[in-house]
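Novice: I would like to see how this sequence folds:
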Amino acid sequence: MTGMDRPVLAGDRHWRGSARQAVACALVFCALSLLVDWDAGTLTLPRALLWLTLSAAVFAVLLPPQVTAGPGWLAVRTPWRRHIVRTDALVAVRQYGGVSAHLVLCDTHGGRLELDPRVLASNPLIWHELDTGVRRSVERGTLLHGSDVLGQLGHRIDGETARAVLRASGLS
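Specialist: This is a model prediction of the structure:
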């Protein structure tokens, strides 16, 4: 397969920066905790290993999920697992609010993933792949719940995009 035959994948364009911030926070936490422990004169090998382990946990908690999309699928990779749904075979889409809003997508093959809607708003290519797949699901009659949720999300994303274009052009 040549480079021209491969499908173009859409990825979260802000993920690398967020991952770098997670690394930086974990390193700062590790360095400060080791420094404070060393300054207090209580740094031992077991305590150093404890600080390194806690720093790794800080990194794992702060590392955002990596979202990619392609023709007919959407994937979310966390440090522990990779979740994939077929967007052209969706059964249900639900949005949960609260402190951190998230979408839950389920497909006919049993795939399920959770996704932050802000990722869709800040990555038009991922939104396009999801929207195209949702349209196919509606055409096939598999999407039984949640087409209204995606419609509202689409209107919000389109409105934010239009405002960003107007701001960039100096019309707003």
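Novice: show me where this structure has helices.
Specialist: 15-39, 45-62, 117-122, 124-140, 147-169 (DSSP state H).
Novice: Out of those helices, which gets the lowest mean score?
Specialist: Per-segment confidence across the helices of the chain bottoms out at helix 147-169, which has a mean of 83 in mean pLDDT.
Novice: V134 contacts L90, correct?
Specialist: Yes. Checked against C-beta atoms under 8 Å, the pair V134 and L90 is within contact range at 6.3 Å. Glycine gets a C-beta too; all of them are placed from N, C-alpha and C.
Novice: Quick check: neighbours shared by these two?
Specialist: Counting by C-beta atoms under 8 Å, 6 or more residues apart in numbering, the residues touching both V134 and L90 are L143.
Novice: Same drill for these two, tell me which one is more crowded.
Specialist: For V134 versus L90, neighbours defined as other C-beta atoms under 10 Å are more numerous around L90 (28 against 21).
Novice: Is that one bridged to anything, and to what?
Specialist: When bridges are called by DSSP bridges, L90 pairs up with D107.
Novice: What separation do you get for it and I126?
Specialist: Distance, L90 to I126, using C-beta to C-beta, to the nearest Å: 15 Å.
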